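Asks: okay, here's the prediction I keep looking at, along with the sequence it came from:
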Amino acid sequence: MTILVTGGMGYVGSHTILELLTQGYEVVAIDNCSNSKPAVLDRVKKLSGKDISFYKTDLRDKKGLDEVFRTHKIDCVMHFAALKAVGESVEKPLFYYEHNLNSTLALCNAMEKYGVTKFIFSSSASVYRSDNLMPLTEESVAGDCINPYAWTKFMCEQILKDAAAVNSDWSVAVLRYFNVIGAHESGDIGEDPQGVPNNLMPYIAQVAVGRREYLSVYGDDYDTPDGTCIRDYIHVSDVAAGHVAAIDYLAKNKGVNMFNLGTGKGTSVLEFVEAFEKASGITINKKIAPRRPGDLPIGYASVDKAKRELNWTAVKTVEDAAADTWHWQSKNPQGYEA
Ligand code: UD1
């Protein structure tokens, strides 16, 4: 069975390719490499002992995409390729809409043309409206997003619903990730953000290796037990396994179905720092800073639907993820660049 993975050189894409290869799937990967390094491909091949077909092309390049579909008989598409920096999306909304929507549309059109009907979409918990009760279920209200990045995910979900409504052969799994963290246990692939990291785990990891001076804890006066925000952090290898579980699901189910990929457990920023310190043996310099605009006090998933219907559940803890991130970061202090 051949899986086309877009954004295959990215953080979640590369871990998912490794999981697919380990489980015996054939992989065709596409990436424009705008936010990834060529070293990823070699490392994934080395870790798996297997080869993949790789195309350095942009999904919006119609000719390039057509060549991929013409050359390979694709059984299922996993679509990770997207711009994902929330702050940048606020500054350059048109760029984000243009990129994320047109690449998804190009992919859907190519699937239609070549009769591919199975699609797994990399969505985000940020599509949920901020006034939902916790935990967030797939029935919680989505929309009214707070930044253009989240809107692009919400709009792509809508595109998929509309496309599947007129083509009854389509089977789509929309996977709404919570906060993805960690690295492959080998320490050879991991998250390698360009510039100053926006997210908590990569920021802490860079403080640990001395690339950043201290962590700013954004607010300690929230209405939570220790005053810092609570999130549902999920290990990237669990997220990768969730995608593989979705392949089996699509073999038996048509239409569009949403799934939360989370752990169902909330962790505060201070608990998170503590887990990292325990795993690495390094004390993280930190300062309490003002709240970051747009942050919700608490967000965590209900994972019942994924457990019931995908037969998938996260098995790794925040401590596991901290240990794996530390392994990756200490082995690769400058990321893939070194
Ligand atoms: C963010 C995005 C979300 C995206 C997700 C994964 C926003 C508002 N949301 O989620 O759309 O899907 O990343 O890419 O940007 N924190 C600090 N100091 C830091 C960094 C973070 O205290 O230097 C805190 C934040 O205030 C938050 C928690 O750590 O409470 C997690 O932050 P982050 O990793 O950025 O994820 P989210 O904001 O939850």
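Replies: Everything's here; your move.

Asks: where's the closest residue to the ligand within the stretch 201-338 of the chain relative to Ile298, distance?
Replies: For the stretch 201-338 of the chain and the ligand, the shortest gap (CB to the nearest ligand atom) falls at Cys229, measuring 3.0 Å. No exception for glycine: its C-beta is placed from N, CA and C like everyone else's. Separation of Cys229 from Ile298 (CB to CB, to the nearest Å): 7 Å.

Asks: higher neighbour count, the two?
Replies: Cys229 (25 against 15; other CB atoms under 10 Å).

Asks: the residue of the stretch 201-338 of the chain closest to the ligand is in contact with Tyr218, isn't it?
Replies: Yes: between Cys229 and Tyr218 there is a contact under CB atoms under 8 Å: 7.2 Å.

Asks: buried residues in the longest helix along the chain?
Replies: Longest helix of the chain, by residue count under DSSP state H: helix 93-114. Within helix 93-114, the residues scored as buried using 16 or more other CB atoms under 10 Å are 96-97, 99-101, 103-104, 106-108, 110-111.

Asks: just stretch 73-81 next, same as before
Replies: Of the residues in stretch 73-81, 74-81 count as buried by neighbour count, 16+ other CB under 10 Å.

Asks: how about the residues of the stretch 51-200 of the chain by the ligand?
Replies: 84, 86, 124, 126, 150, 179, 198-200 (CB under 6 Å from any ligand atom).

Asks: and the furthest pair within those residues?
Replies: Ala150 and Leu200 (17.7 Å; CB to CB).

Asks: does stretch 211-226 reach the ligand?
Replies: Yes: under the criterion of CB under 6 Å from any ligand atom, stretch 211-226 makes contact with the ligand via 215-218.

Asks: okay if I get those residues as a markdown table plus pLDDT?
Replies: Below are those laid out as a markdown table (pLDDT from 0 to 100):
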| residue | pLDDT |
| --- | --- |
| Leu215 | 98 |
| Ser216 | 98 |
| Val217 | 98 |
| Tyr218 | 97 |
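
Asks: intersection of neighbour lists for Cys229 and Ile298?
Replies: Tyr222 (CB atoms under 8 Å, 6 or more residues apart in numbering).

Asks: from memory Ile120 sits against Leu250, does it?
Replies: Yes: counting by CB under 8 Å, Ile120 touches Leu250, with 7.2 Å between them.

Asks: of the two, who's got more company?
Replies: Ranked by neighbour count (other CB under 10 Å), Ile120 and Leu250 place Ile120 first, with 27 against 19.

Asks: for Gly227, which three-state class applies?
Replies: Secondary structure assignment for Gly227 (DSSP: H, G, I helix; E, B strand; the rest coil): coil.

Asks: excluding its backbone neighbours, what's nearest it?
Replies: Computed as CB to CB, 6 or more residues apart in numbering, the closest residue to Gly227 that is not its neighbour in sequence is Asp220, at 4.0 Å.

Asks: quick check: that neighbour is in a helix.
Replies: No: with three-state DSSP as the criterion, Asp220 is assigned coil and is not in a helix.

Asks: so what's it up against?
Replies: Contacts of Asp220 (CB under 8 Å, 6+ apart): 226-228, 270, 288.

Asks: weed out the non-buried ones from those residues.
Replies: Among these, those buried by neighbour count (16+ other CB under 10 Å) are 227-228, 270.

Asks: can you redo those residues as CSV with pLDDT?
Replies: Listed next are the buried ones among the contacts of Asp220 as CSV, based on pLDDT from 0 to 100:
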residue, pLDDT
Gly227, 98
Thr228, 98
Leu270, 98
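
Asks: may I see those organised as TSV, with distance to Ala173 added?
Replies: Converted to TSV, the buried ones among the contacts of Asp220 look like this (distance: CB to CB, whole Å):
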residue	distance to Ala173
Gly227	37
Thr228	33
Leu270	35
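
Asks: mean confidence (pLDDT) on the longest helix of the chain, please.
Replies: Taken as a whole, helix 93-114 carries a mean pLDDT of 98.

Asks: same for whichever helix or strand comes after it, what does it pack against?
Replies: The C-terminal neighbour of helix 93-114 among helices and strands, as given by DSSP states H and E, is strand 118-124. Applying 3 or more CB pairs under 8 Å, 6 or more residues apart in numbering; DSSP states H and E, one finds that strand 118-124 makes contact with strand 76-79, helix 93-114, helix 148-166, strand 171-177, helix 236-252.

Asks: thank you, goodbye.
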